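Peer 1: I'll drop the sequence and a predicted model, then ask my questions.
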Amino acid sequence: MTPEDTIKPYELQDVKGEEVSVSRSPPDNEVEYFDKVGDAHQYTSNLDEEGTPTGGRSRHRFRNPVIRNFLDSFKRGETTAHVADLENDLTTAVSPQLSNYHGSIPSDEVVVKKEELKRDINHRHMVFMAIGSGVGTGLLMGNASTLNSAGPAGLLIGYALMATCVYCVIQAAGEMGVSYANLIGGFNAYPSILVAPPFAFAVGWIYTLQWLCMTPLELVTASLTIKYWTTKVDPDVFVVIFYVLILLINFLGSKGYAEADFFFNCCKLAMITGFFILGIIVTCGGAGHDGYLGGRYWHNPGAFRGDKAIDHFKGVSSVFVTAAFSFGGSEFIALSASEQSNPRKSIPSAAKMILYRIVWVFLASITMLGFLVPWNSPKLQPSDDGKKISPYVIAIEIHGVRVVPHLINVVVLMSVLSVSNSAFFYSSRLFLSMSQRGYAPKWFDYVDRKGRPLRAMLMSSLFGVICFCATSKKETDVFAWLMAISGLSQIFTYFSICLSHIRMRSAMKAQGRSLGELGFKSQVGTYGSAYACCLLVLSLMAEFWVGLAPIGEGKLDAESFFQNYLAAPIGIAFYFGYMIWNKDFRIFIRSKDIDLDFGRQVFDEELVKQEDEEYEQQLKNAPLWRRIVAFLF
């Protein structure tokens, strides 16, 4: 860390709007293309009034500004950093960091090179992202087998326990997300600073592989979902359509992703709300042909699968990984911090919305699912032709309600595509981050002028090609193995977030730093992170047991073990591989040696308090509806 890496503290009025650096960016309308290969992509302003070059070399220009700007957008972006861009609406960091992982920046030029992703994700996007993002295969499809394994009570208990853990994780991620808002890679970059590089390398690659596999996984799920309507059309026909759609959305950059995700999330939330209302009506006998249901299925076939207490416990244990996978996406609020226009405002608000997501989207809908579907229903298992039906569709279909199951299946399909869209977006950003930290080939460290990590997006596109296995008879096997990589890795990621949070607070205490430097503080503190770490370790132990000795089988099953625990040996290989290759055998960086200034925004404690008091005073004088909205959101 050198003095040049940090902008010296100034008063707010001295820095607002000042340009910190930099190399001159040429006008978009003056792009020229030279005949010589070495002269390609040069800029000049030496043109006469008719636009003819004044130099002696022959040059070709595209007079159409649309074509010209389109071609320019693919060039590497080298952006000017403005101090005003680093300011939040509520407060300003005293010393926002502009360091990257490749060394210090010259003192006469402060340029954010190769890292400038567009900040197009605003507060509206973040609210719906916090509630709806990630709601896809795990909740809407994966819970069919989980309900069959655990029963309605086991399913609810497993999700409730994991929900308490996820809330603590999101609070920790929110705190660090505000502090490290300009650190590309979000929580995947925290362990390398706060824990140890080998741990960061292993967890980073596991998480990156998870989301690289998620795009084909969700597209395969989409083909399985369409089989509800027809099995005559080749599934790859639909997969091609969906694959191209995902590419087009992400080609528009973070703005395109955010708007598409906003639309998908609105549809998902509307479906969950409608399902809950209709579920109450069906349970009370107001619709369907089965009359009053009440708690019928909790008594027969029962609230838990199995007759012994050990079977009940094993059933609850089997839910943890599926629940963690289903909650996956909640951490996006921290991962996308580098592309949010105001992290200090949007991240705490989104963290608050996670609580609504947990109660409404997950616990409420899962409870209703247990009242509508018996755990021994044969429809919960995939059919011989690979047809896999969402338990939410089954819940309405088996009671004779027409039309609605088709509508729910449409939204399930949209939800799966939504997660596929998110997976493509975040896997490319993750791969970019891995490249910038030296954990992946440097060639992928490329961001164009529209803020798109093009080469990383190419890698995501290549992984997405796996989805074309949908036409194979082994489609469900591919689905199972992709789930094997994706499911368990979420637990490792959650653990790394909480451990990084504990280490950051420990370092601040050891180095005598005030918590007032934080723009947002976790409501559950380090106790919540410690609780989450303990529960996640217990979840890994339980999954090891369930994977090795599956429910309902009296023998050990190696295939089941690897389908449930494949991410663990992959993570171990990455961890020790990094240690041996780099001869770095550190398990932890000592608290006193952690560099708390690297990549972190240090907030002015007095200024934060003053602005928070002003905000509270404004709310106090605001109309009642404004105070209610501020309290809820």
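Peer 2: In hand now; what should we look at?
Peer 1: quick one: Ala202 and Ala568 touch, right?
Peer 2: No: look at Ala202 against Ala568 with CB atoms under 8 Å: they stay out of range, at 10.7 Å. Just so you know, the C-beta spots here come from the backbone N, C-alpha and C atoms, and that holds for glycine as well.
Peer 1: Counting neighbours, go ahead and name the busier of these two.
Peer 2: Using other CB atoms under 10 Å as the criterion, Ala202 and Ala568 rank with Ala202 on top: 25 against 20.
Peer 1: How much space separates that one from Asn582?
Peer 2: Distance, Ala202 to Asn582, using CB to CB, to the nearest Å: 12 Å.
Peer 1: Also Asp557?
Peer 2: Separation of Asp557 from Asn582 (CB to CB): 37 Å.
Peer 1: just Met483 next, same as before
Peer 2: Met483 sits at a distance of 32 Å from Asn582 (criterion: CB to CB).
Peer 1: More neighbours: which of those two?
Peer 2: Comparing Met483 with Asn582 by neighbour count (other CB under 10 Å), the higher total belongs to Met483, at 25 against 12.
Peer 1: hang on, that one packs against Leu217?
Peer 2: Yes: taking CB under 8 Å as the definition, Met483 is a contact partner of Leu217 at 6.7 Å.
Peer 1: list residues touching both of the two?
Peer 2: Common neighbours of Met483 and Leu217, counting by CB atoms under 8 Å, 6 or more residues apart in numbering, are Thr137.
Peer 1: what number of residues lie near Lys555?
Peer 2: Residues near Lys555, counting by other CB under 10 Å, number 6.
Peer 1: OK, contacts around it?
Peer 2: For Lys555, the contact set (CB under 8 Å, 6+ apart) comprises Ala549.
Peer 1: Where does it sit: helix, strand or coil?
Peer 2: On the three-state scheme (DSSP: H, G, I helix; E, B strand; the rest coil), Lys555 is labelled coil.
Peer 1: ok, back up a step: any residues in contact with both of Ala202 and Asn582?
Peer 2: Between them, Ala202 and Asn582 share no contacting residue, judged by CB under 8 Å, 6+ apart.
Peer 1: Identify the residues contacting Asn250.
Peer 2: By CB under 8 Å, 6+ apart, the residues touching Asn250 are Gly256, Tyr257, Asn421, Phe424, Phe425, Ser428, Arg452, Met457.
Peer 1: okay, now the second one: neighbour count?
Peer 2: This means Tyr257. Around Tyr257 there are 27 residues (other CB under 10 Å).
Peer 1: With His406 instead?
Peer 2: There are 13 residues near His406, going by other CB under 10 Å.
Peer 1: before we move on, what about Pro378?
Peer 2: Neighbourhood size, Pro378 [other CB under 10 Å]: 7.
Peer 1: again, but for Leu355
Peer 2: Neighbours of Leu355 under the rule other CB under 10 Å: 13.
Peer 1: And what about it, helix, strand or coil?
Peer 2: Assignment for Leu355 (three-state DSSP): helix.
Peer 1: host element of the residue nearest to it when sequence neighbours are not counted?
Peer 2: The shortest distance from Leu355 to any non-neighbouring residue, by CB to CB, 6 or more residues apart in numbering, is to Tyr167 (6.4 Å). If you go by DSSP states H and E, Tyr167 is part of helix 143-179.
Peer 1: Next SSE downstream of that helix?
Peer 2: helix 190-194.
Peer 1: Mind jotting down where the helices sit in the stretch 301-450 of the chain?
Peer 2: Ranges of helices in the stretch 301-450 of the chain, per DSSP state H, counting those that start in this stretch, are 309-317, 319-327, 332-335, 343-356, 365-372, 391-397, 404-436.
Peer 1: For Thr208, which of these is the nearest?
Peer 2: Closest approach to Thr208 among those (CB to CB): helix 404-436, 4.4 Å.
Peer 1: Can you give the domain ranges for this protein?
Peer 2: Taking the TED database as the criterion, the chain consists of the domains 123-552+560-602, 606-632.
Peer 1: Among these, show me which one is buried the most.
Peer 2: Among the domains of the chain, domain 123-552+560-602 has the highest mean neighbour count (mean count of other CB atoms under 10 Å), at a mean of 21.
Peer 1: that older thread, from what I see, the residue nearest to Leu355 and Tyr356 are in contact.
Peer 2: No: between Tyr167 and Tyr356 there is no contact under CB under 8 Å: 11.1 Å.
Peer 1: and Ala423, what is it in contact with?
Peer 2: Shown in contact with Ala423 (CB under 8 Å, 6+ apart): Trp211, Leu212, Met214, Thr215, Leu217, Glu218.
Peer 1: go with 10 Å
Peer 2: Ala423 sits next to 134, 136, 210-219, 246, 328-329, 460, 463-464, 486 when contact means CB atoms under 10 Å, 6 or more residues apart in numbering.
Peer 1: How much space separates it from Leu482?
Peer 2: Taking CB to CB, one finds Ala423 at 11 Å from Leu482.
Peer 1: Find residues that contact each of those two.
Peer 2: Taking CB under 10 Å, 6+ apart as the criterion, Ala423 and Leu482 both touch Gln210, Cys213, Met214, Thr215, Pro216, Leu217, Glu218.
Peer 1: Go through these and say which is closest to Lys521.
Peer 2: Distance to Lys521 across these (CB to CB) is lowest for Gln210, with 28.8 Å.
Peer 1: Mind jotting down where the helices sit in the stretch 501-633 of the chain?
Peer 2: For the stretch 501-633 of the chain, helices defined by DSSP H, counting those that start in this stretch occupy the ranges 525-548, 558-565, 567-582, 605-621, 624-632.
Peer 1: Show me how far the longest one is from its chain's centre.
Peer 2: Helix 525-548 has its C-alpha centroid displaced from the chain centroid by 20 Å (CA atoms, centre = their mean, to the nearest Å).
Peer 1: re the thing from before, tell me which entries of the contacts of Ala423 lie within helices.
Peer 2: Judged by DSSP state H, the contacts of Ala423 include 210-219, 246, 460, 463-464, 486 as members of helices.
Peer 1: of all those residues, which comes closest to Gln381?
Peer 2: Nearest member of the ones in helices among the contacts of Ala423 to Gln381, counting by CB to CB, is Leu217, at 19.2 Å.
Peer 1: Give me the helices and strands touching the helix or strand hosting Asp477, please.
Peer 2: For Asp477, the host element (DSSP H and E) is helix 475-510. Counting by 3 or more CB pairs under 10 Å, 6 or more residues apart in numbering; DSSP states H and E, the packing neighbours recorded for helix 475-510 are helix 143-179, helix 190-194, helix 197-226, helix 319-327, helix 525-548, helix 558-565, helix 567-582.
Peer 1: about what we covered before: can you redo the shared contacts of Ala423 and Leu482 as a markdown table with pLDDT and distance to Glu543?
Peer 2: Shown next, in a markdown table, are the shared contacts of Ala423 and Leu482 (pLDDT from 0 to 100; distance: CB to CB, whole Å):
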| residue | pLDDT | distance to Glu543 |
| --- | --- | --- |
| Gln210 | 85 | 15 |
| Cys213 | 84 | 18 |
| Met214 | 84 | 19 |
| Thr215 | 85 | 24 |
| Pro216 | 85 | 23 |
| Leu217 | 82 | 19 |
| Glu218 | 83 | 22 |
